[in-house]
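Engineer: pasting the sequence and the predicted model now:
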Amino acid sequence: MNRKAISLLSGGLDSTLATKLILEQGFDVVGLHFTSPFSNRKEREEGLQAIKTASELGIRLIIRDKGAEYIEVVQNPKHGYGKNMNPCIDCRIFMLRKAREIMIEEGASFIVTGEVLGQRPMSQRRDTIQLIETASGLEALIVRPLSAKHFLPTVPEREEIIDRERLLDIAGRSRAVQYNLAATYNLKEFSCPGGGCLLTDPIFSNKLRDLFANDKGFATKDIELLSIGRHFRLSIDTKLVIGRNKGENERLESMWSSAYVLFSPVGFNGPSGILKGASDKTIISHVANIIGYYGKNNASTITVESNNGTLKRHIIDKADIMPERFRI
């Protein structure tokens, strides 16, 4: 067993400290960060915190996208969901299996994680931690520096490659010890705990359930669209997304492709929209009236422009519809 490790680096406080504790013992540590369309918008827009964290720690960072294989895990998690659409146990198994592959590729000997016993109710209980470790094929090869003394020694500890006495015994949900450690090490580049995974958000999860149930041919872009705007199910196979503000209108317009129909208001200020599915007269009437409802249109007709590769203008009679009946 050598002195090289792969550390799962989210960019959060716990994984940052876990990595630092192993670096303090003179190990060659390579950071590993996974991305997915279920990461929160702030992370996608402002850049990966993990990149800044790795730079501060002075380590190389490998970034891997979880890909379509992970979306299948989210659709059919063997161990079920948490409160929303978060398959935390299966997600952890998935990442650790991928980490094991990279560990072998990199010639490393063990994996480092920022897990703290009892911190997360689904994936960081003692029984689920053992289940995850066994299922990932990494038994006794996952070092958890923050909670190591609550577990049996791992292989690198038993072989005295790691000094177990320099590892910690943190447990529970409080992060007071972690914040004190960050101050001691003068660490600045880490994100605040919580809120990173959209699958834990009930509103996002409701939209995702609708997508899985009604769009069997969905693409990654359809998942990315779930975190933008207001969503309306106009028919079983047709969905509309409209922006809530100028920024979201611009994002929708930038994400548009010919697989969708882009709708824009004409002659009044209102939201832009992306439609996927049928675009017959009834659907176009619904789209125009929803855009008119959320826009500043006081006329008896609503004019919108559609673009599916060809621009077309539609003048639609204003109807007394309540968009909320279509709202996802």
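Structural biologist: Looks like it arrived, so ask away.
Engineer: show me where the stretch 151-300 of the chain has helices.
Structural biologist: With DSSP state H, counting those that start in this stretch, the ranges of helices along the stretch 151-300 of the chain come out as 155-158, 176-185, 202-214, 220-225, 246-255, 281-294.
Engineer: please save the CA atoms from the second one in PDB.
Structural biologist: Right, the one you point to is helix 176-185. Extracted C-alpha coordinates of helix 176-185, given in PDB (Å, rounded to 0.1, in the frame of the first residue of the first chain):
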ATOM      1  CA  ALA A 176     -18.700  23.800  15.500                       C
ATOM      2  CA  VAL A 177     -15.500  21.600  15.600                       C
ATOM      3  CA  GLN A 178     -15.200  21.800  11.800                       C
ATOM      4  CA  TYR A 179     -15.400  25.600  11.800                       C
ATOM      5  CA  ASN A 180     -12.800  25.900  14.500                       C
ATOM      6  CA  LEU A 181     -10.500  23.600  12.500                       C
ATOM      7  CA  ALA A 182     -11.000  25.700   9.400                       C
ATOM      8  CA  ALA A 183     -10.000  28.800  11.400                       C
ATOM      9  CA  THR A 184      -6.900  26.900  12.700                       C
ATOM     10  CA  TYR A 185      -5.800  26.000   9.200                       C
END
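Engineer: and the helices of the stretch 151-300 of the chain: which comes nearest K98?
Structural biologist: helix 220-225 (17.9 Å; CB to CB). C-betas here are computed from N, CA, C, even on glycine.
Engineer: three-state assignment of V74?
Structural biologist: Under DSSP: H, G, I helix; E, B strand; the rest coil, the three-state class of V74 is helix.
Engineer: tally of neighbours for it?
Structural biologist: When neighbours are defined as other CB atoms under 10 Å, V74 has 22 of them.
Engineer: how about it, what does it touch?
Structural biologist: Residues near V74 by CB atoms under 8 Å, 6 or more residues apart in numbering: F38, M85, P87, C91, L199, L208.
Engineer: these in strands, which ones?
Structural biologist: Assigned to strands by DSSP state E, none of the contacts of V74 qualify.
Engineer: want to throw those into JSON lines with neighbour count and pLDDT?
Structural biologist: Below are these laid out as JSON lines (neighbours: other CB atoms under 10 Å; pLDDT from 0 to 100):
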{"residue": "F38", "neighbour count": "24", "pLDDT": "89"}
{"residue": "M85", "neighbour count": "23", "pLDDT": "96"}
{"residue": "P87", "neighbour count": "23", "pLDDT": "95"}
{"residue": "C91", "neighbour count": "25", "pLDDT": "95"}
{"residue": "L199", "neighbour count": "20", "pLDDT": "94"}
{"residue": "L208", "neighbour count": "23", "pLDDT": "97"}
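Engineer: check those and tell me the two furthest apart.
Structural biologist: Largest pairwise distance in those, by CB to CB, is 14.1 Å, between C91 and L208.
Engineer: dump the lengthiest helix in the chain to PDB, keeping only the CA atoms.
Structural biologist: In terms of residue count, the longest helix belonging to the chain (DSSP state H) is helix 88-106. Only the C-alpha atoms of helix 88-106 are listed here, as PDB (Å, rounded to 0.1, in the frame of the first residue of the first chain):
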ATOM      1  CA  CYS A  88     -28.700   9.400  -1.200                       C
ATOM      2  CA  ILE A  89     -27.600   5.800  -0.500                       C
ATOM      3  CA  ASP A  90     -27.500   4.800  -4.200                       C
ATOM      4  CA  CYS A  91     -25.800   8.100  -5.100                       C
ATOM      5  CA  ARG A  92     -23.100   7.400  -2.600                       C
ATOM      6  CA  ILE A  93     -22.600   3.900  -3.900                       C
ATOM      7  CA  PHE A  94     -22.400   5.200  -7.400                       C
ATOM      8  CA  MET A  95     -19.800   7.800  -6.600                       C
ATOM      9  CA  LEU A  96     -17.600   5.500  -4.600                       C
ATOM     10  CA  ARG A  97     -17.700   2.800  -7.300                       C
ATOM     11  CA  LYS A  98     -16.500   5.500  -9.800                       C
ATOM     12  CA  ALA A  99     -13.900   6.700  -7.300                       C
ATOM     13  CA  ARG A 100     -12.600   3.100  -7.000                       C
ATOM     14  CA  GLU A 101     -12.100   3.000 -10.800                       C
ATOM     15  CA  ILE A 102     -10.200   6.200 -10.600                       C
ATOM     16  CA  MET A 103      -8.200   5.000  -7.600                       C
ATOM     17  CA  ILE A 104      -7.000   2.100  -9.700                       C
ATOM     18  CA  GLU A 105      -6.300   4.300 -12.700                       C
ATOM     19  CA  GLU A 106      -4.300   6.700 -10.600                       C
END
